[in-house]
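S.K.: here you go, sequence then predicted model.
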Amino acid sequence: MSGTDPLLDVTGLTKHFPVRGGFPVRRTVGAVQAVDGLDLRVAEGESLGLVGESGCGKSTTGRLITRLLEPTAGKITYAGQDITHASRKELAPVRSEIQMIFQDPYASLNPRHTVGKIVSGPMEINGIDPKGGRERRARELLEIVGLNPEHYNRFPHEFSGGQRQRIGVARALALSPRLVVADEPVSALDVSIQAQVVNLLQTLQRDLGIAFVFIAHDLAIVRHFSQRVAVMYLGRIVETADRDDLYENPRHPYTRALLSAVPEATASDTPPRTRIRLTGDVPSPLNPPSGCRFRTRCWKATERCAAEAPALVRVEGNGVGHLTACHYPEAGRTMTSQAAA
Amino acid sequence: MFRFLVRRTLGALLILLIISALTFVLFYVAPRDPARAACGKLCTPQTLALVRHNLGISDPLPVQYWHWLVGVFAGRDYTGLGHCPAPCLGYSFTNHEPVLGLITDRFPTTLSLSIGSAVVFVVFGVGTGMIAAVKQGRALDKIASSASLVGSSLQIYIVGVVAMYYLSDEWHLLPRPQDSAGFTQDPGAWFKGLLLPWLVLALIFTANYTRMTRSQLVESLSEDYVRTARAKGLSRRTVFFRFAWRGAMGPIVTILGLDIGYLLGGAIITEETFGLHGIGALSIKAVRDNDLPLLLGVVLTAAAAIVVANIVVDAVYALIDPRIRLA
Amino acid sequence: MNTPFLSVRDLRVAFSTEDGLVRAVDGLSFDLEQGSTLGIVGESGSGKSVTNLAILGLHDREHTDVDGEILLDGKDLLTATERELERLRGNTMSMIFQDALASLSPFHTVGRQIGETYRKHTGASRHEARARSVEMLRRVGIPQPDLRVDDYPHQFSGGMRQRAMIAMALVCDPELLIADEPTTALDVTVQAQIMDLLKDLQQEFGTAIVFVTHDLGVIANIADDVLVMYGGRCVERGTRNQVLRTPQHPYTWGLLGSMPSLDGPVDVPLSPIPGLPPSLLNPPSGCRFHPRCAFAEKVHGGRCATDSPPLEINGGGRGTACHLTAEQRREFFVDYATPQPN
């Protein structure tokens, strides 16, 4: 994997939303630091899970990558091309390769358009004429996502939540994207329907070789879906690693705390993970803590954590490796076994 | 709140400045002799010369506007006509009187008409709307809803004339509308003279308030916090007034403020129908006489009423709903 | 005989809509002892929230028909007058809701909303109620409660709002607490805090809790007994370990198979339940789950489509409503629980 350029390479990505106030003339008095110096890479055909709690900036990150938002600073490189500040025109060919799936299947489909129009819309906008015509392609897409192609002329309100999400997926697939950014694609759905959509996305990812940035707050679903996982806290990535590495061997205290908070349906004879209960709330992104942003809730924090922001560095692993941004990372399981040997 | 009021007052002054400038330009740039127009219908050559001089027609337009503006803050001398003290909105050559004096003479009538009818339509409109919301889907609701539909499609100049004919002239149930010396002079006459206009003007508005109150209440009654209040063991009545009505109030107050602002600018048709002499009648007179200075004054009064009403509405909204932060 | 604290008997709730009659709850029975927690699991349209509202008598009386019995400490709530219910609500039984931001009044301070309940049921003065609000906020873990008591809900964070709602529900030391998806809208770390808080408070006051959720993980964490609802009926019930370790109903199997876990095998697809949740307007005949059930054709004589399976109780409150034989269930569950790697 190393050596080849990643499909998506994001460095130092920053988004600050200005806050206006002041008297008597309003002016910018501060900024919500939604995303602050974020690095991430997604390889061709890879799925990267982006997890974090509400307000950590994961959705903003998704919108920055798809250029729905203009970054304040940093660089976004897609397939070797710098698209950070690309104009509409320059972006056009890239736009068709990067698609987005949204959380709310009710709000993200135009209620006055038929399913067929919704799904063939991206082809129309981009002037793409597939072999056999747009309608045929749209019907094909409906079939791929598990809907009846005969529903081509129906309207979104005639479908259930899960089916609407499938329509959203079909629309995202219309331009044969290489990268799909899925922002909480299943969190609005019932448990039994969630699994249907997750399976669908997984099949598409594998069969069509589409790279995914899968944004979710549900750690179990992210584990199920992603090959690599990045954990965000207050606008920064605190840890990123291959899936198994991250879940079995979390090195950042926040990742550990997050994992230990997930209630599991497994019955009580399996030994429970060490319980770590974080106290308090996530600080305001308007005025985040100095140094390490997690330090105010971290049981390991020292003065160093307040003075110096830890860099996201490799703690172990080959290839892209296991990276964490912590001055005092948790002992890795492999490291202890090496020490013992 | 203080900061909000200061900021909004400054903004309001700016808006009035722009409106006055726009009106000024529109009236004076029209392809006719503004002095001839301002002079009125019975215009002798002497008066025309006087008007010409006093308007400063020979000056460029911005200078004319500047003189007018200075007059507003510092007063202005009109050669041969006397001094017009600040705030001087101009001089009506037709009426031989400063514009401001004409407006202040008429304003009490408009104020009485507006506030009086507002009291009537708020009481009846909101009251009926509340009943309709509580009896949702039942006969009372349906009656109230259809009645309000009929009400809102009525026109004052028809209802007013019919009401005057039957209620006052034929059946002598209500006194015929007339201008009075004002509330402070003779409250009884004031009340009698305005009762019919209040009721007729309110009839049209009541329907709107009934429908709005009903729909706002129906919505807020289905809010989660209303259910929570019931789950706490509070009685239906408490829940209705303390929670549901509180949630419905905001939009109603907004529309009420704007309606009152609009009425204060002159209820032209109502005043004409009942022969009352308020700002509305004054503006019609100004138009008929081609009295440009007066027209400018009336337009500004109406604009000021709406701008002030907007500020009041925003402030009241913030008092009702703490989520709206005023800074 | 030991009568349970809350006893729901053959509850039926139906409401008339423009499209027809919706049978939201169709013959539900359960018991709850003081100090214990019953977890009700179900997806949208399972009737779980409607059941809650019926217990508190908060359903829309105009358009809703409620049948059966809801006995709270021996008293039937369905025959109680509105005035009697008002005395019980917020006092003996109280409720917390999913969306704390929408469920708290935006127009009143948190302290006033908590104190209001207290004043209503104890006749306390404004001053006493305020002191009690501060105490309750402290107890649910809000920092600086004497200052935060004058804040409005929108000034609180999501987790704090849910704590405030819990404070409001517990201000009169109720004996029954109904929690309707109280942690669904919260982040996992906050969810863990809130569940710990509820468990602590339950230990302290011996409150009986009905905890409604769609998340089996949350159920595993908090419930003593579990009741699984589908299409307005109970399809399975038992103790937590019984339902989660040896589930008997294909729907419960499906729910468990739909949930990815943190330490199970990863490279196998999830086993979702095919199809859509049932329409309660026009529910499927027979067993309401049969159109989505992978095992319906294994039942002899196609009874699933024609006969509604009764909830068979086999001791200790364990029960399943399914036509499969015990033998078949053992066989199929083993199959189901070990998905094949692809």
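M.R.: Everything's here; your move.
S.K.: which other residues reach stretch B:51-64?
M.R.: Residues outside stretch B:51-64 that contact it (CB atoms under 8 Å, 6 or more residues apart in numbering or on different chains): B:24-25, B:28-29, B:34-35, B:38-39, B:67, B:78-81, B:91, B:93. Using the backbone N, CA and C atoms, a C-beta is placed for each residue, glycine as well.
S.K.: I meant to write stretch A:106-122 there.
M.R.: Applying CB under 8 Å, 6+ apart, the contact partners of stretch A:106-122 are A:96, A:99, A:102, A:128, A:134-135, A:137-139, A:141-142, A:147, A:151-157, A:159, A:161, A:164, A:167-168, A:170-171, A:174-175, A:188.
S.K.: how about 7 Å then?
M.R.: A:102, A:134-135, A:138, A:141-142, A:151-157, A:164, A:167-168, A:170-171, A:174-175 (CB atoms under 7 Å, 6 or more residues apart in numbering or on different chains).
S.K.: returning to that earlier point: so which of the contacts of stretch B:51-64 comes closest to residue A:180?
M.R.: residue B:25 (56.4 Å; CB to CB).
S.K.: domain ranges for the chain, per the record?
M.R.: I'll assume chain A. With domains defined by automatic domain parsing, chain A comprises A:1-22+A:31-226, A:250-262+A:274-341.
S.K.: wait, chain C was what I had in mind.
M.R.: If you go by automatic domain parsing, chain C breaks into C:102-172, C:248-337.
S.K.: where do the helices sit along chain A?
M.R.: Per DSSP state H, chain A carries helices over the ranges A:58-65, A:88-97, A:115-125, A:134-144, A:161-173, A:191-208, A:219-225, A:243-248, A:253-261, A:303-307, A:333-340.
S.K.: figure out the helix or strand that the residue nearest to residue C:308 when sequence neighbours are not counted lives in.
M.R.: Leaving aside its sequence neighbours, residue C:308 sits nearest to residue C:286 (CB to CB, 6 or more residues apart in numbering or on different chains; 5.6 Å). Using DSSP states H and E, residue C:286 falls within no helix or strand.
S.K.: from residue B:84, how far out is residue B:293?
M.R.: With distances taken as CB to CB, to the nearest Å, residue B:293 is found 10 Å from residue B:84.
S.K.: let's see if you can find the most crowded of the contacts of stretch B:51-64.
M.R.: residue B:38 (29 neighbours; other CB atoms under 10 Å in any protein chain shown).
S.K.: which SS state does the most centrally placed residue in chain C fall under?
M.R.: The residue lying closest to the centre of chain C (CA atoms, centre = their mean) is residue C:212, at 1.9 Å. Here residue C:212 is recorded as strand under DSSP: H, G, I helix; E, B strand; the rest coil.
S.K.: how far is stretch C:182-196 from where the chain is centred?
M.R.: Distance, stretch centre to chain centre, for stretch C:182-196: 15 Å (CA atoms, centre = their mean, to the nearest Å).
S.K.: so the residue in chain B positioned nearest to chain A, which of the three states?
M.R.: In chain B, the residue that lies nearest chain A is residue B:3 (5.1 Å; CB to the nearest CB). Of the three states, residue B:3 takes helix under three-state DSSP.
S.K.: state the number of residues packed around it.
M.R.: Counted by other CB under 10 Å, the residues lying close to residue B:3 total 12.
S.K.: how about residue B:80, phi and psi?
M.R.: Residue B:80 adopts backbone torsions of phi 80, psi 0, taken as degrees, to the nearest 10.
S.K.: roughly how far does the nearest residue to it once chain neighbours are set aside sit from chain C?
M.R.: Nearest residue to residue B:80 in three dimensions, chain neighbours excluded: residue B:50, at 5.5 Å (CB to CB, 6+ apart). From residue B:50 over to chain C the distance is 61 Å, taken as CB to the nearest CB, to the nearest Å.
S.K.: so residue B:50 belongs to a helix, correct?
M.R.: Yes. Residue B:50 forms part of a helix when assessed by three-state DSSP.
S.K.: for residue C:224, see how far away whichever residue of the stretch 201-342 of chain C sits closest to chain B is.
M.R.: Taking CB to the nearest CB as the measure, the stretch 201-342 of chain C has residue C:210 as its residue closest to chain B, at 13.4 Å. According to CB to CB, residue C:210 stands 11 Å off from residue C:224.
S.K.: and those two? which has more neighbours close in?
M.R.: The residue with more neighbours, out of residue C:210 and residue C:224, is residue C:210; 25 against 16, by other CB under 10 Å.
S.K.: would you confirm that that one contacts residue C:178?
M.R.: Yes. Counting by CB atoms under 7 Å, residue C:178 is a contact partner of residue C:210 at 4.7 Å.
S.K.: overlap in contacts of those two?
M.R.: The contact lists of residue C:210 and residue C:178 share residue C:52, where a contact means CB under 7 Å, 6+ apart.
S.K.: flag the shaky bits of chain A, pLDDT-wise.
M.R.: For chain A, applying pLDDT under 70 flags the ranges A:1-4, A:23-24, A:266-274, A:317-319, A:333-341.
S.K.: any common contacting residues for residue B:293 and residue B:84?
M.R.: Joint contacts of residue B:293 and residue B:84 (CB under 7 Å, 6+ apart) are residue B:91.
S.K.: show me where the stretch 51-200 of chain B has strands.
M.R.: For the stretch 51-200 of chain B, applying DSSP state E, counting those that start in this stretch gives strands covering B:76-78, B:82-84, B:91-92, B:97-98.
S.K.: chain C contacts on chain B?
M.R.: With CB under 7 Å from any CB of the partner chain as the criterion, chain B meets chain C at residues B:224-225, B:227-235, B:243, B:246, B:321-323.
S.K.: out of the residues you listed, which are buried?
M.R.: By neighbour count, with 16 or more other CB atoms under 10 Å in any protein chain shown, the residues of chain B next to chain C hold B:224-225, B:227-234, B:243, B:246, B:321-322 as buried.
S.K.: what is the nearest of these to residue A:287?
M.R.: residue B:322 (22.7 Å).
S.K.: can you pull the phi/psi pair for the closest residue to that closest one other than its chain neighbours?
M.R.: Nearest residue to residue B:322, sequence neighbours excluded (CB to CB, 6+ apart): residue C:152, at 4.8 Å. Backbone torsions for residue C:152, taken as degrees, to the nearest 10, come to phi -90, psi 160.
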